[in-house]
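Asker: what follows is a protein structure lacking sequence information:
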Ligand code: MN
């Protein structure tokens, strides 16, 4: 047992009605757990004894041995993305403050424009995947990126700050197929204090 499912920082019913108790339990306890289990199984199968965090594994994806690359990309990505997802949600509404608020204004104009870009990426992503707010160290700026499946911004040398899961399993119980309504309501749960803390990673 190398990687473990992180405990949720709030009770199972805390994010309802956007994420019902049943949906949160299933998404965290079954879907996320499956990524952790499959990642651990792949590392055992390929006798990988490194001590890296899952984010470090993803950051060094290209240098991993060939048979490990795909399971780390999919299952390690699933573990990392979901961990970020839970970490940056809260039942207590918040707004970007201080340093983060300044960066949003500098790089997007304002929060409404950031959301417009983000929502457009979510609507336009074909199939399953994630939309991320990232810190891109190359230009030294915030950016919004959509990635397919369980791909991680870490593998593209970007720091993921906030992530919205647009796989159907993320919204089907509470929103059926209405991805746009899911993303619209998900914004109410964003914990901007945690997002700002991640800028220091
Ligand atoms: Mn998910």
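Answerer: Alright, I've got the coordinates. Everything quoted here is computed from the prediction, not taken from an experiment.

Asker: give me the phi and psi angles of whichever residue of the chain sits closest to the ion.
Answerer: Proximity of the chain to the ion (C-beta to the ion) peaks at residue 165, 4.2 Å away. In short, each C-beta sits where N, CA and C put it, glycine included. Phi and psi for residue 165, reported as degrees, to the nearest 10, are phi -80, psi 120.

Asker: so which bits of this structure are right by the ion?
Answerer: 165, 167, 170 (C-beta under 5 Å from the ion).

Asker: can you lay out these as a markdown table showing neighbour count, distance to residue 12 and pLDDT?
Answerer: Below are the residues of the chain next to the ion laid out as a markdown table (neighbours: other C-beta atoms under 10 Å; distance: C-beta to C-beta, whole Å; pLDDT from 0 to 100):
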| residue | neighbour count | distance to residue 12 | pLDDT |
| --- | --- | --- | --- |
| 165 | 24 | 17 | 98 |
| 167 | 18 | 19 | 97 |
| 170 | 23 | 16 | 95 |
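
Asker: shouldn't the residue of the chain closest to the ion be in contact with residue 84?
Answerer: No. If you go by C-beta atoms under 8 Å, residue 165 and residue 84 don't touch, sitting 9.8 Å apart.

Asker: which helix or which strand is home to the residue of the chain most remote from its centre?
Answerer: Using C-alpha atoms, centre = their mean, the residue of the chain lying farthest from its centre is residue 47. It sits 27.5 Å away. According to DSSP states H and E, residue 47 maps onto no helix or strand at all.

Asker: give me the pLDDT value at it.
Answerer: On pLDDT, residue 47 comes in at 92.

Asker: also residue 82?
Answerer: Note for residue 82: predicted pLDDT of 98.

Asker: report the contact partners of it.
Answerer: By C-beta atoms under 8 Å, 6 or more residues apart in numbering, the contact list for residue 82 reads 27, 28, 31, 32, 35, 165.

Asker: restricted to helices, list those residues.
Answerer: residue 35 (DSSP state H).

Asker: among the contacts of residue 82, the buried ones, what's the ChimeraX command?
Answerer: This is how ChimeraX selects the buried members of the contacts of residue 82, with burial counted by 16 or more other C-beta atoms under 10 Å:
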select :27,28,32,35,165
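
Asker: could I get the contacts of residue 82 as JSON lines with distance to residue 103?
Answerer: Converted to JSON lines, the contacts of residue 82 look like this (distance: C-beta to C-beta, whole Å):
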{"residue": "27", "distance to residue 103": "30"}
{"residue": "28", "distance to residue 103": "30"}
{"residue": "31", "distance to residue 103": "32"}
{"residue": "32", "distance to residue 103": "29"}
{"residue": "35", "distance to residue 103": "30"}
{"residue": "165", "distance to residue 103": "24"}
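
Asker: out of the contacts of residue 82, who's nearest residue 10?
Answerer: Closest approach to residue 10 among these (C-beta to C-beta): residue 28, at 10.8 Å.

Asker: please enumerate the strands of this structure.
Answerer: 129-136, 141-148, 159-165 (DSSP state E).

Asker: and the lowest-mean-pLDDT helix or strand in the chain, how far out from the chain's middle?
Answerer: Of all helical and strand segments in the chain, the minimum by mean pLDDT, DSSP states H and E falls on helix 168-175, at a mean of 94. Distance, stretch centre to chain centre, for helix 168-175: 16 Å (C-alpha atoms, centre = their mean, to the nearest Å).

Asker: no further questions, thank you.
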